[in-house]
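In: Requesting a structural model of the entry that follows:
(chains A, B, C and D)
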Protein chains: 2
Amino acid sequence: MKLDPASPKDLSAQIAAAIRDEIVSGKLIVDARLPSEAELADHFDVSRPTVREALKRLAAQSLIRTQRGATGGAFVNRLSFEEAYGQQITTSTLLLSMNAVSFDVACEARYTLERACAPLAAARRGPDHLARMRLEIARQAQPDLSDEDFCASDVALHRALVDGAGNPVLSYQLAGAVEAMQPLMNMITFTARSRGAIVAFHTRIADAVEAGDATAADTALSELCDYTLTLGRDVMQARATRAQDTAAGTAD
Amino acid sequence: MKLDPASPKDLSAQIAAAIRDEIVSGKLIVDARLPSEAELADHFDVSRPTVREALKRLAAQSLIRTQRGATGGAFVNRLSFEEAYGQQITTSTLLLSMNAVSFDVACEARYTLERACAPLAAARRGPDHLARMRLEIARQAQPDLSDEDFCASDVALHRALVDGAGNPVLSYQLAGAVEAMQPLMNMITFTARSRGAIVAFHTRIADAVEAGDATAADTALSELCDYTLTLGRDVMQARATRAQDTAAGTAD
DNA sequence: GCAATTAAATTGTCAGACAATTACCTTCCG
DNA sequence: CGGAAGGTAATTGTCTGACAATTTAATTGC
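Out: Numbers count the residues shown, from 1 in each chain, chains lettered A, B, ... in the order given. Purely as a prediction, here's the structure:
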């Protein structure tokens, strides 16, 4: 096997890319066993540590799994929706936090996508989805809930809504949009009044989904989006004012 | 640093998780330099190859980048939208191909999300987005275009539409949904008639976006979705019939 | 025939070494 | 004094060889 020595990439990166291509192209099917590390080292004419680094790269993306022992080795892994969810969420979270994405942009993206799911959820949701939504709404009404827990419950409710659409691909795509917003939402300190308003919105959404009323669900989501944006702007403004005051105080 | 020896995970996986946590939690900020491999090996009380495997795992997820030389080392990488796109697309593609997601489900997810972007695109698209859409439509009208190229152009057009919404987070989320569909779409052999119909839909969409008519864009997308589903079902049915004929022929 | 033991294959980890690359410092010459 | 050449140190990239841990399969003993 030829590896381009003039490539800017590491050998392990090249090997990982070569194996990844074989998986994506279908040459290596699910649960197929890769050659042993020693055989791969021979094949690519590199040492075993280099092969191992390549395999770890693939393992990090859940493309392969490894097993020790006589019949062990590296196997092509069936990428589960669960694993894909997880990867999507960490990637989305990092993307948002590292690129200074504004609250407004992230919020718009989230609710735009979520509103798209609402009609499907209204038409197809099962009793379990509805029950999960009601459960989270009840939790959110507890006054002693911390802001973090309130946000977590918020995420859970919205995931129940998305799952209610009954399309796993949609759920997967939305996972990133919904979950990645949580750190941004956690920056908001919810007052008792704003919590009450949000719970009211959630109740309207759940009612609409229960009634199969797509339009009402969409309207409630749209208004919730606007309300969330307002909350976010208030917090930003208050923070800016406070920073200004502090600056004035130290300058004095 | 303590690593759980009873953990089911490899040492390199544990180390990778520990460093990843520091990045996600913000303890290690963008462009911060990690300790050298030798120092990490000391810190975690493992050998350098083990540390390297951990670093390769993180590199595979674009969380770090490495640089050789005196002032080199591993640095926390700013995850760019570009990199995130790429990861999303490969993950989505594998998820669809490995889990036997039906054409219908994938198609519904794609068009549901895309329709959500249409109103924003109609309101905000720049002249460049419109030009890209017109360009791809012109390309699709060429009769000597291969099926693969036709599909690629289709993807490009829809990406232009999504980008027209002017929300990079939305574009990122949609990248997976749109691009991952391409292999599935490539299974469809487009007849001259179906190509003409699709180009007509695309023209309607572009016209609506140009006019800022969100409703018309949504309607055209919705009808295009239905039409695509019909095409897919026809192909599946034809394939099933052919398989049946072949089976009957061999049984004879 | 069955259970216990042994052998073999494979991944996981370690130690040490050298090569390649890059920034920085020193030295020498103009 | 300045600049260029070369040397030096730090760091990652790669290799070799070895041993440990784990799991399956074969073998042996009863």
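In: Point to the helix or strand of chain A where mean pLDDT is at its lowest.
Out: For chain A, using mean pLDDT, DSSP states H and E, the weakest element among its helices and strands is helix A:182-186, scoring a mean of 80.
In: touching chain B at all, that helix?
Out: No - applying CB under 8 Å from any CB of the partner chain, one finds helix A:182-186 out of contact with chain B, separated by at least 9.2 Å. Backbone N, C-alpha and C define where each C-beta goes, glycine included.
In: which secondary structure elements does that helix contact?
Out: helix A:81-98, helix A:103-124, helix A:147-163 (3 or more CB pairs under 8 Å, 6 or more residues apart in numbering or on different chains; DSSP states H and E).
In: Can you give the distance of whatever helix or strand comes next after that helix from its chain's centre?
Out: Downstream of helix A:182-186, the next assigned helix or strand under DSSP states H and E is helix A:192-211. Relative to the mean C-alpha coordinate of its chain, helix A:192-211 is positioned 23 Å out (CA atoms, centre = their mean, to the nearest Å).
In: interface residues of chain A facing DNA strand C?
Out: Chain A comes close to DNA strand C at residues A:34, A:36-38, A:48-49, A:52, A:55, A:66-74, as judged by CB under 7 Å from any atom of the strand.
In: Count the neighbours of A:Val165 for me.
Out: Check again: residue A:165 is Ala, not Val. 26 (other CB atoms under 10 Å in any protein chain shown).
In: OK, contacts around it?
Out: A:117, A:120-121, A:124-125, A:171, B:112 (CB atoms under 8 Å, 6 or more residues apart in numbering or on different chains).
In: Helix, strand, or coil at the residue of the stretch 1-150 of chain A found nearest DNA strand D?
Out: Going by CB to the nearest atom of the strand, DNA strand D is nearest to A:Gly69 of the stretch 1-150 of chain A, at 2.4 Å. Following DSSP: H, G, I helix; E, B strand; the rest coil, A:Gly69 is assigned to coil.
In: can you check A:Ala100 too?
Out: coil.
In: quick one: it from B:Arg78, how far?
Out: From A:Ala100 over to B:Arg78 the distance is 10 Å, taken as CB to CB, to the nearest Å.
In: These two: which has the busier surroundings?
Out: The neighbour count for A:Ala100 versus B:Arg78, taken as other CB under 10 Å, is higher for B:Arg78 (15 against 6).
In: pretty sure the more buried one belongs to a strand, no?
Out: No - judged by three-state DSSP, B:Arg78 forms no part of a strand; its state is coil.
In: Nearest residue to it in space, please, no chain neighbours.
Out: B:Val30 (4.7 Å; CB to CB, 6 or more residues apart in numbering or on different chains).
In: Could you check the pLDDT of that neighbour?
Out: Note for B:Val30: predicted pLDDT of 94.
In: what do you get for A:Ile19?
Out: Looking at A:Ile19, the pLDDT reads 96.
In: hang on, isn't it packed against A:Leu34?
Out: Yes - under the criterion of CB atoms under 8 Å, A:Ile19 makes contact with A:Leu34 at 7.1 Å.
In: Tell me who's in contact with A:Ile29.
Out: A:Val76.
In: and the helix ranked longest in chain A, how far from the chain's centre?
Out: Looking across chain A with DSSP state H, the single longest helix is helix A:214-251. Mean C-alpha position of helix A:214-251 versus that of the full chain (CA atoms, centre = their mean) differs by 23 Å.
In: Quick check, the residue in the stretch 151-252 of chain A closest to chain B?
Out: Going by CB to the nearest CB, chain B is nearest to A:Val169 of the stretch 151-252 of chain A, at 3.9 Å.
In: Quick check: chain neighbours aside, which residue is closest to that residue?
Out: Of all residues not flanking A:Val169 in the chain, B:Ala109 sits nearest, at 3.9 Å (CB to CB, 6+ apart).
In: Near that neighbour, how many residues? Count them for me, please.
Out: Around B:Ala109 there are 29 residues (other CB under 10 Å).
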